[in-house]
Structure formats: C-alpha cells, structure tokens
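Student: just to be clear, the model below is a prediction. Sequence and coordinates:
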Amino acid sequence: MPNLLFIYGTLHPDRAPAEIAAAARRLTPIGPATIRGNLYNLGAYPGVVLALDGPPIPGELFTVPDTATLSALDAYEDFRAASPDSSLFLRVETTATARDGSQLTCWVYVYNREVPGSRD
C-alpha cells in the first residue's frame, strides 16, 4: 500500500477548505509530479479520470502520515471502500512521474461519475 498521495486540487494544504484543512496540514510535501489523465472542472472542485494516453496533469506528491489522515481524506472525497459504486471519488493506485523523471507509486482520487459533456 503506497503512503504517497498525488494531489491536483482542493486537498492541497495551501488550498484545502476548512472542513479538511487540519488533515491536509498533516501531509508532508515531497515535490511536484505529474500523472496521465484528463482533468475536468466540475464547478466547486476538479476531477481527474486516469488515461495512459492522456496529457500530463501537474500536481504534487505528499506523504500520508497515518491511516487516520487517509480516512479523513477518504471521507472528505466521499470515497467508501466498501461501496465504491456509490463513491463520488475513488482512491486508486497510479504512477506519478517526479520532476527528476523517477516513477513513484501513489494514491490519487479519481472522479467516479460521468463527466459532464462526455456523452455522445
């Protein structure tokens, strides 16, 4: 299980809303990185859908200090491991590319609904 988390949006300690700010401040920054996928503006927050052939999405890697912090982030992102179909976001493993080119396994929250405007 990775202890790294890729953050591309509102979970970032510098941008976290009041209800999750305390947990976000417990994250330790590692540095800039990218993942591959598509980033969507969902209004109040962004959402990523992973895609190996997608463009690089910039973000930052953080170390998650403990399971209590991860549980708080899961609750904020509406990720329920026991009920993934009803979760707004899923926490999944992916590979991030650090600035030095190294590949690191990490968690990322991906959007778990139909993306607005993606229907044919």
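Tutor: Cool, got the structure.

Student: list the contacts of T10.
Tutor: Contact partners of T10, counting by C-beta atoms under 8 Å, 6 or more residues apart in numbering, are 16-17, 20, 45-46. Any C-beta I mention is one placed from the backbone N, CA and C, and that applies to glycine too.

Student: again, 6 Å this time
Tutor: Y45 (C-beta atoms under 6 Å, 6 or more residues apart in numbering).

Student: what does the helix ranked longest in the chain rub up against?
Tutor: For the chain, the longest helix by residue count, based on DSSP state H, is helix 67-76. Contact partners of helix 67-76, identified using C-beta under 6 Å, 6+ apart, comprise 20, 23, 26, 64.

Student: now for the third one, how many residues are close by?
Tutor: Other residues lying near R26 total 16 when counted by other C-beta atoms under 10 Å.

Student: what residues does the longest strand anywhere in the chain touch?
Tutor: Longest strand in the chain by number of residues (criterion: DSSP state E): strand 28-41. Residues outside strand 28-41 that contact it (C-beta under 6 Å, 6+ apart): 6, 46-52, 54, 56-58, 60-63, 94, 96-99, 115.

Student: try 7 Å this time
Tutor: With C-beta atoms under 7 Å, 6 or more residues apart in numbering as the test, strand 28-41 has contacts from 4, 6, 8, 46-52, 54, 56-63, 65, 94, 96-99, 108, 111, 115.

Student: what residue ranges in the chain score low on pLDDT?
Tutor: 1, 116-120 (pLDDT under 70).

Student: ranges for the helices of it?
Tutor: Along the chain, the segments classed as helices by DSSP H run 18-25, 67-76.

Student: quick check: angle from the shortest one to helix 67-76?
Tutor: An angle of 150 degrees separates the directions of helix 18-25 and helix 67-76 when computed by axes from the mean of the first three to the mean of the last three C-alpha atoms, to 10 degrees.

Student: would you mark the buried spots in helix 18-25?
Tutor: 20, 23-24 (16 or more other C-beta atoms under 10 Å).
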